[in-house]
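Chemist: from the sequence below, what's the structure:
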Amino acid sequence: MTQEHVADQAQGWHRSAFDDLTSRLNDPDFPCVFSRNAFKKGIVDFIFVDSADKKGIRRLAEGLKRYVDLASCWDGRLDTASPLVVAFAADAVRARTVEGYHAFGWRILNHLHDLDPAPWPEEVPAEPDSAGWSMCFNGMPLFCNMSTPAYRKRRSRNLGGHFVIVINPRARFDVFAGDTPSGRKVRANIRDRIDRYDGTPHSPHLSSYGSGALEWLQYSLAEDADVRADRCPFASGRHDTASFAGAHDHNPARKDDS
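Modeler: As a prediction, this is how the structure comes out:
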């Protein structure tokens, strides 16, 4: 859905999630200047996931494919760089902690990988423990930012009362915030803004693609700055269809935090 459509037509929890996002992105202190710019120009795209069952995830995969198809025709201008906001109904998640929401988010990415209509790009490592890894779908490397209602310290990763994954083509970060003097200046500015907005130093896991750091750690930032010993929950390779279907015959996050 386009931002204009959501702004005019959204009702129920879709309206609530949109209003939450509006309040964040209209705040001049919100750290991400790119998302604020996109929202101000009305070019944010939305997918609302009412249910995390098999049908709901297939609809999400179809919507993500359409987004990637459009993004592959991007003209390279900041003013047309539309991010995708994927918001989940509260009943679809049933998590209460940052870790629980992240576990749910990684299961969603795994299931999207199961439904990926295109082969994994040869130039992107398939294992997240490789520094060159990023989530891919329909042949495009993506950056996926998980925001949860459970964050208390990292307010910039709390977009309101719903679990949200903000998705951008990863290559766009190379254009506007890559490893160039201007790109490093942009990243430094955003991280300074994060420090002020959150009231705490930004995560040590924020880095830039190609620097040797693990990309997946940035998808699901820990609340604290401790060194992480966990492994990425993303598993490359196709999972069997029966397992996928069974996982979505019930709420896949129902066990979280309970």
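
Chemist: name the residues that touch stretch 200-220?
Modeler: 102, 105-106, 128-129, 131-135, 143-146, 153-154, 170, 173-174, 177-179, 183-184, 187, 191, 194-195, 221-222, 225, 228, 232, 234 (CB atoms under 8 Å, 6 or more residues apart in numbering). Every residue, glycine included, has its C-beta placed from N, CA and C.

Chemist: what's the ChimeraX syntax to select whichever of those are buried?
Modeler: In ChimeraX syntax, the buried subset of the contacts of stretch 200-220 is picked out as below (16 or more other CB atoms under 10 Å):
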select :102,105,106,128,133,134,135,143,144,145,146,153,154,170,173,177,178,183,187,194,221,222,232,234
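
Chemist: please enumerate the strands of the stretch 151-258 of the chain.
Modeler: 164-169 (DSSP state E, counting those that start in this stretch).

Chemist: wait, what's in contact with the closest residue to Thr2 other than its chain neighbours?
Modeler: Nearest non-adjacent residue to Thr2, counting by CB to CB, 6 or more residues apart in numbering: Asp45, 6.4 Å away. The contact partners of Asp45, by CB under 8 Å, 6+ apart, come to Met1, Thr2, Gln3, Tyr67, Ser82, Pro83, Leu84, Val85.

Chemist: now, of those, which are buried?
Modeler: Looking at the contacts of Asp45 with 16+ other CB under 10 Å, the buried ones turn out to be Met1, Gln3, Tyr67, Ser82, Pro83, Leu84, Val85.

Chemist: can you give me the distance of the first one to Pro31?
Modeler: Computed with CB to CB, to the nearest Å, the distance linking Met1 and Pro31 is 25 Å.

Chemist: equivalent analysis for the fifth one, please.
Modeler: Distance from Pro83 to Pro31, counting by CB to CB: 14 Å.

Chemist: now the third one
Modeler: Using CB to CB, one obtains 24 Å as the distance from Tyr67 to Pro31.

Chemist: where do the helices of the chain begin and end?
Modeler: Assigned by DSSP state H, the chain shows helices spanning 3-9, 12-25, 33-41, 54-71, 90-93, 98-114, 170-177, 181-198, 216-219, 241-247.

Chemist: out of those, the one nearest Gly161 is which?
Modeler: Closest of the helices of the chain to Gly161 is helix 12-25, at 5.9 Å (criterion: CB to CB).

Chemist: what mean pLDDT would you report for that closest one?
Modeler: Here helix 12-25 scores 97 as its mean pLDDT.

Chemist: packing partners of it?
Modeler: helix 3-9, helix 33-41, strand 45-49, strand 84-88 (3 or more CB pairs under 8 Å, 6 or more residues apart in numbering; DSSP states H and E).

Chemist: buried stuff in the first one?
Modeler: What that stands for is helix 3-9. For helix 3-9, by 16+ other CB under 10 Å, it's Gln3, Val6, Ala7.

Chemist: my read: the first one touches Lys40, true?
Modeler: Same thing as Gln3. No - assessed by CB atoms under 8 Å, Gln3 is found out of contact with Lys40, at 10.2 Å.

Chemist: now do the contacts for the closest residue to Pro83 other than its chain neighbours.
Modeler: Distances taken as CB to CB, 6+ apart place Asn168 nearest to Pro83, at 5.0 Å, with adjacent residues excluded. Residues counted as contacts of Asn168 (CB under 8 Å, 6+ apart) are Ala81, Pro83, Leu84, Leu142, Phe143, Asn145.
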